[in-house]
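Asks: From the sequence below, what's the structure:
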Amino acid sequence: MNISKQHMLLYAVTDRQWLKDGESLADAVEAVLKGGATCLQLREKDAGYEEFLALALSLKPVCKKYNVPFIINDNVAIAKAVDADGVHIGQGDMSIASAREILGKEKIIGTSAHNVAEAVKAAEDGADYIGCGAVFGSDTKTDASFLGTKGLAEICEICPLPVVAIGGINKSNILQLKNSGTDGVALVSALFRPRDKTKATANMLAMAKQITE
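Replies: Predicted coordinates:
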């Protein structure tokens, strides 16, 4: 599966801390995809291999049902084991070339970029898309560097790859990204925190369309 700019429009990144009592991650993901998320990344920084594998296996059919790319964060071994659509690797993780060798040329490989130089290198190294941030800081990653809307626009102007903005984006600031050139937004708490995740996702999708039209 190749990834397109359209898949970047509303890129959901999981976070189990927002699950309600009795709610599984698969339930939460289905609610978000029902609301219109265009891509799903399973992010599990603290799970062991078996737990991560089980979560990935539970989410893959949900993503297939809604025909959205299923991306694994950082863990190439899990991505290969479950035959996910792709993997997202950070600057300090496995190289794009190594991930490509393991997963094959058809899989999606995304990477993070915090400045123009990293974005250019990602394109040269064969990434399929880049995640740029942290645009407004981050509640999820305490060590995330601040990019800002100006930095995002600079990357979007020069980088030929699909770009998704990430980092502290919510309903109160998303419209500030209009005219930045981003192809969409990656969201965590804005989608997974609300009790009505489907409604919250639909609302964020409408605003994502406003900033990319």
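
Asks: How are the strands of this structure distributed by residue range?
Replies: In the chain, the segments counted as strands under DSSP state E are 10-13, 39-42, 70-73, 86-89, 108-113, 129-132, 163-166, 185-187.

Asks: Show the contacting residues for the closest residue to residue 47 other than its chain neighbours.
Replies: Of all residues not flanking residue 47 in the chain, residue 55 sits nearest, at 6.8 Å (Cβ to Cβ, 6 or more residues apart in numbering). From N, CA and C alone the C-beta is placed, and that goes for glycine too. Counting by Cβ atoms under 8 Å, 6 or more residues apart in numbering, residue 55 touches 25, 42, 44, 47.

Asks: Residue 55 and residue 77, how far apart?
Replies: 14 Å (Cβ to Cβ, to the nearest Å).

Asks: if I pick the nearest residue to residue 72 once chain neighbours are set aside, what's in contact with it?
Replies: Once flanking residues are discounted, residue 72 sits nearest to residue 79: 4.0 Å by Cβ to Cβ, 6+ apart. Listed by Cβ under 8 Å, 6+ apart, the contact partners of residue 79 are 71, 72, 86, 87, 103, 107.

Asks: now the strands of the chain in TSV, with mean pLDDT, distance to residue 172 and mean neighbour count?
Replies: Formatted as TSV, those follow (pLDDT from 0 to 100; distance: least, Cβ to Cβ, whole Å; neighbours: other Cβ atoms under 10 Å):
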stretch	mean pLDDT	distance to residue 172	mean neighbour count
strand 10-13	98	17	28
strand 39-42	98	23	26
strand 70-73	98	26	25
strand 86-89	98	26	27
strand 108-113	96	24	25
strand 129-132	97	20	28
strand 163-166	97	15	28
strand 185-187	98	13	27
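
Asks: export those strands to JSON lines and tack on distance to residue 150?
Replies: Below are those laid out as JSON lines (distance: least, Cβ to Cβ, whole Å):
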{"stretch": "strand 10-13", "distance to residue 150": "21"}
{"stretch": "strand 39-42", "distance to residue 150": "25"}
{"stretch": "strand 70-73", "distance to residue 150": "27"}
{"stretch": "strand 86-89", "distance to residue 150": "24"}
{"stretch": "strand 108-113", "distance to residue 150": "15"}
{"stretch": "strand 129-132", "distance to residue 150": "12"}
{"stretch": "strand 163-166", "distance to residue 150": "12"}
{"stretch": "strand 185-187", "distance to residue 150": "17"}
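
Asks: if we can go back for a sec, between the contacts of residue 79, which sits nearest residue 183?
Replies: Residue 183 has its nearest neighbour among these in residue 71, at 15.2 Å by Cβ to Cβ.

Asks: so the residue nearest to the closest one when sequence neighbours are not counted bridges to which residues?
Replies: Excluding the flanking residues, the one nearest residue 71 by Cβ to Cβ, 6+ apart is residue 41, at 4.3 Å. Beta bridges link residue 41 to residue 13, residue 71 when assigned by DSSP bridges.

Asks: was I right about residue 41 contacting residue 8?
Replies: No. Residue 41 is beyond contact range of residue 8, at 11.6 Å (criterion: Cβ atoms under 8 Å).

Asks: Quick one: low-confidence residue ranges for this structure.
Replies: Residue ranges of the chain with pLDDT under 70: 1, 138-144.
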